[in-house]
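[1] sequence first, predicted model second:
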Amino acid sequence: MSNILNGKVVVVTGASSGIGRAIALRAAEHGARALIVSDVTETPREGGEPTAEAIRALGVPTLFVKTDVSKRAENDALVAAAAEFGGVDVFVANAGITLRTDGAEVPEEDYRRLMAVNLDGVLFGAQAAARQMKAKGKAGSIVLMASMGGLVGAGITVAYSTSKGGVILMAKSLADALGPDGIRVNAVAPGTIDTVLLRTAPGIAESAEGFRQRTPLRRLGQPSEIGDAVAYLGSDLSSYVTGHALSVDGGLLAVI
Ligand SMILES: NC(=O)c1ccc[n+]([C@@H]2O[C@H](COP(=O)([O-])OP(=O)(O)OC[C@H]3O[C@@H](n4cnc5c(N)ncnc54)[C@H](O)[C@@H]3O)[C@@H](O)[C@H]2O)c1
């Protein structure tokens, strides 16, 4: 497909399903040297073979490392697994969840569970990756998965939008903190992407057709299109891009 990730070791969280799976597969198709895919379970939500098997079939060395990103030590172990291939060059903190019970009255327990994955999990992963990149003197790239919900608010996703807005400012702040070491940090803000998460998220699933009609390109996005955006940010083609939140939304947030 392309060779823009030639020689890079890529680590992706939440990579069993949906967007994370597509990011990992696309990284392999864009020439990555090795992939480390991680998730809480290896089974894809949409069915089919596990991501690692699909990537190995492309001839790219791949490990699956079971990781709950909300646990700091598991992020450290995930990144440590990349040492086998010489260390991580591109770390993608993609794992994220939505809630059945989001909104102004979001229950405390659900709120904390969501923040533990969507915010703590992203920070712990980025920290582990940055530590290894610095130790190995690598000018790596860290990509954090935000959302259009982190750029504009919505009453049905109070906790989710808060977490994704936090991810965008995390990317900007980490870009400043890690830039002197040559490490770039960016966020990707997908619009409505056709995944199980979109089709099952209460409130969002019912709104998907409305979003599609308002999207200038008049269609939902495909997970592979997020994979291509992440491949660009992970590659040297974006060598002067850091602290940026890249919308990949068919133009949805460009219009009212
Ligand atoms: N689908 C969309 O339209 C859309 C839009 C904007 C942003 N996003 C974001 O993209 C990312 C991926 O979403 P998706 O649509 O592919 O969803 P998905 O549910 O298909 O995939 C999410 C993956 O994350 C994993 N995961 C959940 N909790 C985890 C944990 N604690 N540790 C590790 N992995 C965990 C799940 O097992 C799953 O495989 C999320 O961060 C989501 O917020 C999605």
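    Cool, got the structure. The model shown is predicted, which means the values in this text are computed figures rather than measured ones.

[2] the residue nearest to N118 when sequence neighbours are not counted - how many residues pack around it?
    Nearest non-adjacent residue to N118, counting by C-beta to C-beta, 6 or more residues apart in numbering: S163, 3.7 Å away. Placement of C-beta: from N, CA and C, glycine included. Look at S163: counted by other C-beta atoms under 10 Å, it has 27 neighbours.

[3] kindly report the same for the one 4 residues further on.
    Residues contacting V167 under the criterion other C-beta under 10 Å number 24.

[4] and the one 4 residues further on, by the same measure?
    Burial of A171 is recorded as 27 neighbouring residues (other C-beta under 10 Å).

[5] and the longest helix for this structure?
    Longest helix of the chain, by residue count under DSSP state H: helix 158-178.

[6] and the helix or strand following it, what other elements does it pack with?
    Using DSSP states H and E, the helix or strand that follows helix 158-178 in sequence is strand 184-190. On a contact count with 3 or more C-beta pairs under 8 Å, 6 or more residues apart in numbering; DSSP states H and E, strand 184-190 meets strand 141-145, helix 158-178, helix 223-234, strand 245-248.

[7] distance to N75 and mean pLDDT added to the ones you listed, as CSV?
    Below are these laid out as CSV (distance: least, C-beta to C-beta, whole Å; pLDDT from 0 to 100):
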stretch, distance to N75, mean pLDDT
strand 141-145, 12, 99
helix 158-178, 14, 98
helix 223-234, 18, 98
strand 245-248, 22, 98
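
[8] and those as a markdown table, adding distance to the ligand?
    Output for those, formatted as a markdown table (distance: least, C-beta to the nearest ligand atom, whole Å):
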| stretch | distance to the ligand |
| --- | --- |
| strand 141-145 | 4 |
| helix 158-178 | 7 |
| helix 223-234 | 6 |
| strand 245-248 | 9 |
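
[9] and these, which is most packed in?
    When the helices and strands packed on strand 184-190 are scored by mean count of other C-beta atoms under 10 Å, the highest mean neighbour count falls to strand 141-145 (a mean of 28).

[10] which other helices and strands contact that one?
    On a contact count with 3+ C-beta pairs under 8 Å, 6+ apart, strand 141-145 meets strand 90-93, helix 121-135, helix 158-178, strand 184-190, helix 223-234.

[11] tell me what angle the last one forms with strand 141-145.
    The directions of helix 223-234 and strand 141-145 differ by 150 degrees, with axes from the mean of the first three to the mean of the last three C-alpha atoms, to 10 degrees as the criterion.

[12] give me the angle between helix 223-234 and strand 184-190.
    160 degrees.

[13] what does helix 223-234 rub up against?
    Applying C-beta atoms under 8 Å, 6 or more residues apart in numbering, the contact partners of helix 223-234 are 2, 4-5, 8, 10, 18-19, 21-27, 30, 89-90, 92, 141, 143, 184, 186, 188, 190, 193-195, 238, 241, 246, 248.

[14] if you set the cut-off to 6 Å instead, what comes out?
    Identification of contacts with helix 223-234 by C-beta atoms under 6 Å, 6 or more residues apart in numbering yields 5, 18-19, 22-23, 26-27, 30, 90, 92, 141, 143, 186, 188, 190, 193, 195, 238, 246, 248.
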